[in-house]
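**Student:** this is the structure alone, sequence omitted:
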């Protein structure tokens, strides 16, 4: 059974930092690219960042560039999202995704991030 389990969300003040983690099980982790998505209330889910399984190259949504960093640890089957200088507009449920194409895509249950003063 494939599972992606996110953790690390919470309620923080603007300017704060959080680290999200996503642990995968039931898949050969190194075969999958990973991504973080988020969905704010009343909005569509959007891609925040993604990272290749081969060389760790990452890409980011323009609004988070320079503030968020995505990394992966293949030995721990884990991806991370370091989020710095958080803004109220970063408030959303954050979802972890693992994908290797041909319909092999999996989602975590999501972790809530709320940024408010």
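**Tutor:** That came in fine, so what should we check first? Just so it is clear, the structure is predicted and the values come from calculations on it, not from any experiment. Numbers count the residues shown, from 1 in each chain.
**Student:** what segments of the protein are strands?
**Tutor:** 3-7, 10-12, 18-25, 33-39, 46-51, 58-60, 68-73, 78-83, 92-99, 105-107, 111-115 (DSSP state E).
**Student:** point out where the chain drops to low pLDDT.
**Tutor:** In the prediction, the chain carries no residues with pLDDT under 70.
**Student:** closest to the centroid, which residue in it?
**Tutor:** Among the residues of the chain, residue 36 comes closest to the average C-alpha position under C-alpha atoms, centre = their mean, at 2.9 Å.
**Student:** wouldn't it be in contact with residue 70 here?
**Tutor:** Yes - judged on C-beta atoms under 8 Å, residue 36 makes contact with residue 70 at a distance of 6.4 Å. Backbone N, C-alpha and C define where each C-beta goes, glycine included.
**Student:** need the overlap of contacts for those two.
**Tutor:** 49, 50, 79, 81 (C-beta atoms under 8 Å, 6 or more residues apart in numbering).
**Student:** apart from its chain neighbours, what residue comes closest to residue 98?
**Tutor:** The spatially closest residue to residue 98, leaving aside those adjacent along the chain, is residue 32, at 4.2 Å (C-beta to C-beta, 6 or more residues apart in numbering).
**Student:** what sits against residue 99?
**Tutor:** Contact analysis of residue 99 by C-beta under 8 Å, 6+ apart lists 32, 33, 34, 35, 105, 106.
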